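Mind folding the following:
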Amino acid sequence: MKISVVTAVMNGGTELGKAVESLKAQTYQDVEHIVQDGGSTDGTLDYLRSHGHPQMALVSAPDKGIYDAINAGISRATGDVIGLLHADDYLASDDVLSHVATALENPGLDGVYGDLQYVARANATRVIRHWRAGSYSQSRLKRGWMPPHPTLYLRREVFERAGLYDTSFSISGDYDSMLRWLTSGKIRLGYIPQVMVRMRIGGVSNKSFAHMLRKSREDYRAIRRHKVGGFGTLMAKNLSKLPQFGIRPPQA
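Residues are numbered from 1 along each chain as shown. From the prediction side, this is the model:
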């Protein structure tokens, strides 16, 4: 089972190195790294050409935003299973992809996901928020539940059958797509109960109050579009994050 890991990047800076090294450290070997660069000028391309994954496929070309770049990367992927690794994030342990491959030996699953930790940008060992996703059931969607997107790995057939990311969204294209895959796409997901990805605080969705407001508007649009609820769902989605700030599990 070949796993494609897609990274869309634009001026990834020094933090991209942590993502690449975490991928290179994986014990599971049947992996390719699809990098879709938007035209970096900060040395990202030089770094990737010198230190990138041995099975890296790099393209640098202008794009129309993050979801357009991700879609381009997925379209180039040749793996049986496809996941994302953002330039600011990194895989939490060297057995993450091994767990993905083992779980997807079950032909009854279309994809898997796990837990996520948000960490301080200046100190990645300091956990800010621990997102324990728990098992999926469709009834949880109305209560604002979704799988942590950076931990989601899907079979290629899901994208072919249920489509890629809607580029009309600038922030919540991940939420919109996951609702589509889970509702009209009727995909079957398995849960891996471990932290799969660590994400540095300060990403597009949480870097400012204005962005958080815009994200809420786009979330609401996705909720209504896929008929999983209304304003109460949006409120539940946002409020469900609060207890995650109080959990401080030890890091591996």
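
any residues touching stretch 154-168, and which ones?
Here stretch 154-168 makes contact (Cβ atoms under 8 Å, 6 or more residues apart in numbering) with 64-65, 67-68, 70-71, 74-75, 77, 79-83, 104, 110-111, 173-174, 176-177, 180-181, 184-185, 187. The way it works is simple: take the backbone N, C-alpha and C, and place the C-beta from them, glycine included.

can you pull the contacts of the nearest residue to residue 19 once chain neighbours are set aside?
Once flanking residues are discounted, residue 19 sits nearest to residue 90: 4.9 Å by Cβ to Cβ, 6 or more residues apart in numbering. Neighbouring residues of residue 90 by Cβ under 8 Å, 6+ apart: 18, 19, 21, 22, 124, 197, 198.

Farthest-apart pair in these, please.
Taking Cβ to Cβ as the measure, the contacts of residue 90 span a maximum distance of 14.1 Å, between 21 and 197.

Name the residue in those two with the higher neighbour count.
For residue 21 versus residue 197, neighbours defined as other Cβ atoms under 10 Å are more numerous around residue 197 (27 against 13).

okay, that one: pLDDT?
For residue 197, the pLDDT comes out at 97.

Please apply the same query to residue 240.
So, for residue 240, pLDDT stands at 85.

and what of residue 250?
The model's pLDDT for residue 250 equals 52.

repeat for residue 191
For residue 191, pLDDT reads 98.

same deal with residue 121?
84.

gap between it and residue 172?
22 Å (Cβ to Cβ, to the nearest Å).

Residue 216 now?
9 Å.

Quick check on these two: which one has the bigger neighbour count.
residue 172 (23 against 17).

So for that one, what's the nearest residue that isn't a sequence neighbour?
Here the residue nearest residue 172, using Cβ to Cβ, 6+ apart, is residue 218, at 3.5 Å.

Would you mark the buried spots in stretch 40-54?
40, 44, 45, 47, 48, 52, 53 (16 or more other Cβ atoms under 10 Å).

want to throw these into a markdown table with secondary structure, pLDDT and distance to residue 4?
Formatted as a markdown table, those follow (DSSP: H, G, I helix; E, B strand; the rest coil; pLDDT from 0 to 100; distance: Cβ to Cβ, whole Å):
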| residue | secondary structure | pLDDT | distance to residue 4 |
| --- | --- | --- | --- |
| 40 | coil | 95 | 21 |
| 44 | helix | 95 | 20 |
| 45 | helix | 96 | 20 |
| 47 | helix | 95 | 21 |
| 48 | helix | 96 | 16 |
| 52 | coil | 96 | 15 |
| 53 | coil | 97 | 11 |
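
Show the low-confidence segments of the stretch 151-252 of the chain, by residue range.
Scanning the stretch 151-252 of the chain with the threshold set as pLDDT under 70 gives 202-207, 247-252.

repeat that with 90
Along the stretch 151-252 of the chain, segments meeting pLDDT under 90 span 200-213, 238-252.

Walking through it, point out its helices one by one.
156-162, 173-182, 209-225, 231-239 (DSSP state H, counting those that start in this stretch).

between the ones you listed, which gets nearest to residue 33?
That would be helix 156-162 among the helices of the stretch 151-252 of the chain, by Cβ to Cβ, at 16.1 Å.

center of the chain, which residue is that?
Nearest residue to the geometric centre of the chain (Cα atoms, centre = their mean): residue 150, 1.9 Å.
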